[in-house]
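*Asks:* sequence first, predicted coordinates after that:
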Amino acid sequence: MSVSGRVSAMAEGRRAGGSGSRGRLRVLLGAAPGVGKTYEMLGEGRRLAESGRDVVIGIVETHGRAATLAQTRGIEQVPRRAVSHRGVQLEELDVDAVLARRPELALIDEMAHTNAPGSRNPKRWQDVQELLNAGIDVITTVNVQHIESLNAVVEKITGVVQQETVPDEVIRGADEVEVVDLAPQTLRDRLSAGQVYPAERIDAALSNYFRLGNLTALRELALLWLADEVDSALRSYRSQHGIDSAWQTRERVVVALTGGPEGETLLRRGARIAARSAGGELLAVHVTTQDGLRGDRPGALSTQRGLVESLGGSYHQLVGDDVAGTLVEFAQSVDASQLVIGVSRRTRLSAALTGPGIGAEIIRRSGDIDVHIVTHSAAGRRGPLPALRGGALGWRRQLIGFAVALIGGPLLSWLLFAVKAPGSITTDVLSYQLLVVVVALIGGLRPALFAAVLSGVTLDFLFVEPLFTVTIADPLHALALVLYVVIAVLVSIVVDQAARRARAAQRASGEAELLAAVAGNVLRGDSAPTALVARAREAFGLSGIRLLAPDGTVIAVDGEPAPEGLAGRTSAAAHAARVESVPVGVGADGQPRAILELHGGELDAAGRRLLDAIVAQLAAAIEHTDLRETAGRAAVLAETDQVRSALLSALSHDLRRPLSAAVAAVGGLRSAHRLSAEDRAELVQTADESLATLSRLVTDLLDVSRVQAGVLAVSLSPVDAGGGVVSALDELSLGPAEVELALDPALPPLRADPVLLQRVLVNLLTNALRHSPEGERVIVSTSRLGERAEIRVADRGEGIPEDQRESAFLPFQRHGDTDNTTGLGLGLALSRGFAEGMGGTLTAEDTPGGGLTMVVSLPLDDTAPSDEETGSPTPPTEEDPR
């Protein structure tokens, strides 16, 4: 969006005391200084003045910008009020003069400004409120970093603490808020062209507050803040006009949480959906019943609530017996566009008996809201492998079979006896036979036998002559009853065998899935042991399982911890808590690579076959990990060998030159009687320079070896960054002709080793001077970024391509690897090692306008007094954000 582009948020109806006697407030909101807020305010004032409005300038800060100053011409300016503070003459807005002049519209710049002591109001926004109460319209400017609710967020982005803020309700109460927007790169180009700050402040501004990332984040913050205000105004409009239907003007994603294990999956999916559009919102909702009987899991919900907040969403707890209705009503109330729910964890039988469930009801009621049903591991988890021992059908199905026989038999008997007619015996027998078949299908053999005997006795008692006795007068009837029971038994056996085969097939499927998962986990490397242990415990239905190294170190664990001892337990408890140890693999010494401990269950023969496969895969995974560690150690040795080779090469080449020069000079001095005084002095100087060079190279070699060995001696203490820079300049005998300083006098002490810091700066300055074009000065600046201090050394040389910057910090690397007259190439490697040894970093960046900037970042000293304690000046205003 260009500078002239604006987005407005109308606050009609939201402003307290909306009477016509109060002036109208229009706020021009900017993401950063220099976007054109003041220029736009003056331009609007000129247009309104030309249309006949009475417009005056209450106060405008041009900051020396010619274009802004030109905009003030032709508009009446109310004289400012002069204030003397600590011997300094300041100019402030004269509120009394503006009230006496009583214009229709006053232009007031920098709304967040703090007035000088002794002024009418402490803050300029309070001056603006006084003018509005007097019926004067006001156009004012403010930057997003000065909005009180965003102050902490801006500090995290820029590292600058803003002391001057405007309460949110003041800006929200404005009749109109406009964003004066400018693309971040365009603002940086404007800054580089000198249209925002004077030339001496451009490099420091571009390297600190006006970084591309900072400007992009601030721009997004300003637009999102205004979008929230527009949304609030829209809701007020709908409420005032009785509009109940949802206007989905932005992406709002509601995630339904049950407290189950699928909650994390649903939240992350919802966050991804919300992130697809700018300004998307994530809302997590949990519905509990009024009687509190729903199986909530407070621990899981608390964890998921923390995840919601970390994802930038909000958590809502609702109460309602109609879960589906409560969720949909909430989604509609917040104008949600998406509703995310998890696929049901119920079994197919439960779904068949209790209906389609909450998900189907939510879809039916959702209306225009899109519903996402997300699958998750809790839904797809198969649980323990089916056991092959015992009955084919579970005890629950058998109980249901007995219940059907006990309830269905009397009901069927009552129905058949009520419609009894001569010759209906065949229908009666077939009806009871059907009952037996149904019971067999449900409960298997035992309930079917029970139903067969019960129905046979009932059939004889109620329908076979003589009635109401169990006497069988006709032998054929006795044979029919026997055949009837035999048929019931055969049907039950068929059902039982089918169930057994289904159980076996299910077991085989589970084993195949487990083996496939095991094979896949081994291929995944580091996570394989943990995944294998977890899957094994789940498949075998154990209480806990863990994998131990030979020395007792826990490699992986899943489930409950193993019991420490079984003393004092009953035999049943001891059996339930029995711990079984299985060796995993065999090492080079013949001992197991690890021990797998299982407890809380007993494995059958088929389970032990699977356990053998898992143990074999665990051994392979552990061996794979060991081999990778060995390969890592070998890589380190290879790197060390490479450094050693480079060191030997350096010793044979770079050390030979100063050593040879020193030997030659000393040899010449031996025949001093043949030399003139001038020649002797030259030889002494050559020897001195050569030995100094040799000493410096040997020192660098020792230092780099200490850095690589991790034995660098560091003595941290509070250090003044400016003092460290000056010490480095003195060591190199550099002055204003070679170096330009831009030091922050308000920068607190940093925590560093003063000797190492000086070595770092000397190395960086030497490199910068070597690569700077003739006549170009090296720029050294200091600044604060959050809780760290930055020292920047910038040159105007040819720079280093981004893909080659990291290699420049390796030992024995020279720029281009062609210049053998500048040392061993250890300067940057040592400087980074020293910086990291002090808890800092050393990175390379492009210098705006060409060149390379080395950035030393070190932590501030947390024992240093704060600005309030020392009486230091507060951070600069919105037009000078350092």
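*Replies:* Received, thanks. Residues are numbered from 1 along each chain as shown.
*Asks:* three-state assignment of the residue lying closest to residue 841 once chain neighbours are set aside?
*Replies:* Sequence neighbours aside, residue 857 is the residue nearest to residue 841 in space, at 4.8 Å (criterion: Cβ to Cβ, 6 or more residues apart in numbering). C-beta coordinates here come from the backbone N, C-alpha and C atoms, glycine included. What DSSP: H, G, I helix; E, B strand; the rest coil gives for residue 857 is strand.
*Asks:* quick one: residues contacting residue 857.
*Replies:* 785, 788-790, 835, 840-843 (Cβ atoms under 8 Å, 6 or more residues apart in numbering).
*Asks:* quick one, which of those residues are buried?
*Replies:* Burial by neighbour count, 16 or more other Cβ atoms under 10 Å: within these this picks out 785, 788-790, 835, 840, 842.
*Asks:* low-confidence regions, the stretch 651-800 of the chain specifically.
*Replies:* Along the stretch 651-800 of the chain, segments meeting pLDDT under 70 span 651-660, 671-674, 693-694, 696-713.
*Asks:* I meant to write the stretch 501-650 of the chain there.
*Replies:* Applying pLDDT under 70 to the stretch 501-650 of the chain flags the ranges 503-504, 506-528, 538-539, 541, 560-578, 588, 604-606, 636, 639-650.
*Asks:* from the contacts of residue 857, which land in helices?
*Replies:* Among the contacts of residue 857, the members found in helices (DSSP state H) are residue 835.
*Asks:* secondary structure class for residue 265?
*Replies:* Three-state call for residue 265 (three-state DSSP): helix.
*Asks:* so what's the residue count around it?
*Replies:* Counted with other Cβ atoms under 10 Å, residues neighbouring residue 265 total 18.
*Asks:* same deal with the one 10 residues further on?
*Replies:* Burial of residue 275 is recorded as 14 neighbouring residues (other Cβ under 10 Å).
*Asks:* what about the helices in the stretch 401-550 of the chain?
*Replies:* In order along the chain, the stretch 401-550 of the chain carries the following helices (DSSP state H, counting those that start in this stretch): 425-443, 445-463, 475-523, 528-540.
*Asks:* mind putting the contacts of residue 857 into TSV with distance to residue 476?
*Replies:* Shown next, in TSV, are the contacts of residue 857 (distance: Cβ to Cβ, whole Å):
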residue	distance to residue 476
785	104
788	103
789	108
790	107
835	106
840	104
841	101
842	106
843	103
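*Asks:* quick one: mean pLDDT over stretch 193-207.
*Replies:* Across stretch 193-207, the average pLDDT comes to 76.
*Asks:* in it, which residues are buried?
*Replies:* 196-197, 201-207.
*Asks:* distance-wise, check residue 407 relative to residue 442.
*Replies:* Residue 407 sits 12 Å away from residue 442, going by Cβ to Cβ, to the nearest Å.
*Asks:* out of these two, which sits in the busier spot?
*Replies:* For residue 407 versus residue 442, neighbours defined as other Cβ under 10 Å are more numerous around residue 442 (21 against 10).
*Asks:* setting aside sequence neighbours, what's the nearest residue to that one?
*Replies:* Leaving aside its sequence neighbours, residue 442 sits nearest to residue 401 (Cβ to Cβ, 6+ apart; 4.5 Å).
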